[in-house]
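**Q** Build the 3D model from these lines:
(one chain, ligands or ions: 2)
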Amino acid sequence: MYRILEKRVVGPNVTLMKIDAPYVARKAEAGQFIILRVNEGGERIPLTVADYDRENGTVTIIFQEVGKTTKMLGGLNEGESILDFTGPLGKPTHYQEGIKKAAVIGGGLGTAIAYPQVKKLRSLGVEVDAIIGFRNSSLIFLKDEIRAAGASLHIATEDGSEGLKGFVTEVLKKLIDQGAKYDIAIAIGPLVMMKAVSEMTKKLGIDTIVSMNPIMVDGTGMCGGCRVTVGGQVKFACVDGPDFDGHQVDFDEAIRRQGIYRTEEKLSTEKHECKLGGLGNA
Ligand SMILES: Cc1cc2nc3c(=O)[nH]c(=O)nc-3n(C[C@H](O)[C@H](O)[C@H](O)COP(=O)(O)OP(=O)(O)OC[C@H]3O[C@@H](n4cnc5c(N)ncnc54)[C@H](O)[C@@H]3O)c2cc1C
Ligand code: FES
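**A** Numbers count the residues shown, from 1 in each chain. Ligands and ions are numbered 1, 2, ... in the order given. The predicted structure follows:
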């Protein structure tokens, strides 16, 4: 069992948890993830390692309550435990040598996954422009944490309630037009957003890493559920990624595959909320 040492709400339906998981903390790196199961019979879900403390043996996760399992997880409190917490899984992010300036772009929930990248790059002495995008200002989270990590923060909201009105790509373009010279861009968020960023940076010749988030089941390369096509080759996001060269990813295929289980996910959430309540097992 893995005890929840700290629980903090960091945004609307977004929670940070510090978990007592010394074996994961010992090896975790930015870009990797864990797979957890809240209780016996629960589904396995992947969550990014948002932070780790090797000395104290803790791993931090940040998650948004979007469906059955994340809601069950959000219902747990400090002192309670998670049944399984497996990792670190996936490959750590590989940054090329000598990068001086990076644009880290987080779209919505992707901001949670982008945050450890900001921290890692800052710890390597890289200058970071963090660009985060949300539908409106009430949904924004991790602003203070990103600033505290030493990044220069730029916000885009679709309704203009905070920062620039529009999408993260428009902020990125504005910064580049103003003279920002990026050695690398890291884009994490909805597939359409990562696709748009990758198309823009390809034209500008800026190396770009995206973090793919397909459905994962085993997380060990066995089931094939997380298949993505990169540079014309089949890759498994759980073992070959989740980070890939954004200029090589077949985003259209990934977008088509993403909606495959939408009906089942809706039914699972409804069943959890309407009939089971609390920590359902079904
Ligand atoms: C490598 C990786 C890292 C991730 N990191 C984070 C993170 O740090 N914070 C966070 O909030 N979310 C993260 N996610 C997404 C998270 O796994 C899903 O939100 C979660 O699985 C939803 O489960 P649910 O039962 O609550 O919702 P459901 O209703 O089952 O699903 C809601 C949506 O989540 C996605 N999803 C569902 N099941 C899975 C699954 N087994 N694997 C992947 N995606 C799934 C689907 O797109 C689905 O439409 C990550 C996903 C991947 C692949
Ligand atoms: S999750 Fe099964 S192969 Fe990647």
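
**Q** any weak-confidence spans in this structure?
**A** 260-282 (pLDDT under 70).

**Q** Flag every residue of it that's near ligand 1.
**A** 33, 43, 45-48, 62-64, 66-70, 109, 112-113, 213, 215-216, 242, 258, 265, 268-269 (CB under 6 Å from any ligand atom). For glycine as for every other residue, the C-beta is placed from the backbone atoms N, C-alpha and C.

**Q** filter those residues to the buried ones?
**A** 33, 45-48, 62-64, 68-70, 109, 112-113, 213, 215-216, 242, 268-269 (16 or more other CB atoms under 10 Å).

**Q** What about those, which are in strands?
**A** Taking DSSP state E as the definition of strands, those contribute 33, 45-48, 62-64.

**Q** give me the number of residues near the nearest residue to Val192 once chain neighbours are set aside?
**A** Spatial nearest neighbour of Val192, excluding adjacent residues (CB to CB, 6 or more residues apart in numbering): Ile255 at 7.0 Å. When neighbours are counted by other CB atoms under 10 Å, Ile255 registers 13.

**Q** For Ile255, give me its contacts.
**A** By CB atoms under 8 Å, 6 or more residues apart in numbering, the residues touching Ile255 are 191-192, 195.

**Q** Helices along this protein, start to end?
**A** Per DSSP state H, the chain carries helices over the ranges 22-27, 68-74, 110-123, 143-148, 168-177, 191-204, 237-240, 251-258, 262-271.

**Q** correct me, but Glu162 touches Lys143?
**A** No: with contact taken as CB atoms under 8 Å, Glu162 and Lys143 are classed as non-touching, separated by 9.2 Å.

**Q** where do the contact lists of those two overlap?
**A** With CB under 8 Å, 6+ apart as the test, Glu162 and Lys143 both reach Ile155.

**Q** thinking again about what came up before, which of the helices of the chain has the highest mean neighbour count?
**A** Highest mean neighbour count of those: helix 110-123, a mean of 24 (counted as mean count of other CB atoms under 10 Å).

**Q** Dump that one to PDB, keeping only the CA atoms.
**A** Only the C-alpha atoms of helix 110-123 are listed here, as PDB (Å, rounded to 0.1, in the frame of the first residue of the first chain):
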ATOM      1  CA  GLY A 110      -1.200  19.100 -20.000                       C
ATOM      2  CA  THR A 111       0.000  21.900 -17.700                       C
ATOM      3  CA  ALA A 112       0.300  19.300 -14.900                       C
ATOM      4  CA  ILE A 113       2.500  17.200 -17.100                       C
ATOM      5  CA  ALA A 114       4.500  20.200 -18.400                       C
ATOM      6  CA  TYR A 115       5.300  21.400 -14.900                       C
ATOM      7  CA  PRO A 116       8.100  18.800 -14.200                       C
ATOM      8  CA  GLN A 117       9.700  19.600 -17.500                       C
ATOM      9  CA  VAL A 118       9.900  23.300 -16.400                       C
ATOM     10  CA  LYS A 119      11.500  22.300 -13.200                       C
ATOM     11  CA  LYS A 120      14.000  19.900 -14.800                       C
ATOM     12  CA  LEU A 121      15.000  22.400 -17.500                       C
ATOM     13  CA  ARG A 122      15.500  25.100 -14.900                       C
ATOM     14  CA  SER A 123      17.600  22.800 -12.800                       C
END
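
**Q** quick one, that helix and helix 168-177 angle?
**A** Per axes from the mean of the first three to the mean of the last three CA atoms, to 10 degrees, the angle that helix 110-123 makes with helix 168-177 is 30 degrees.

**Q** Quick check: which helices or strands does helix 110-123 pack against?
**A** strand 44-48, strand 58-64, strand 101-107, strand 127-134, helix 143-148, strand 184-188 (3 or more CB pairs under 8 Å, 6 or more residues apart in numbering; DSSP states H and E).

**Q** The second one - which strands sit beside it in the sheet, and in what orientation?
**A** Right, the one you point to is strand 58-64. strand 14-20 (antiparallel), strand 51-53 (antiparallel) (DSSP bridges).

**Q** Now do that strand: everything it contacts.
**A** 5, 10-11, 13-22, 24-25, 28, 34, 36, 47-53, 70, 73-74, 85, 87, 109, 112, 115, 142.
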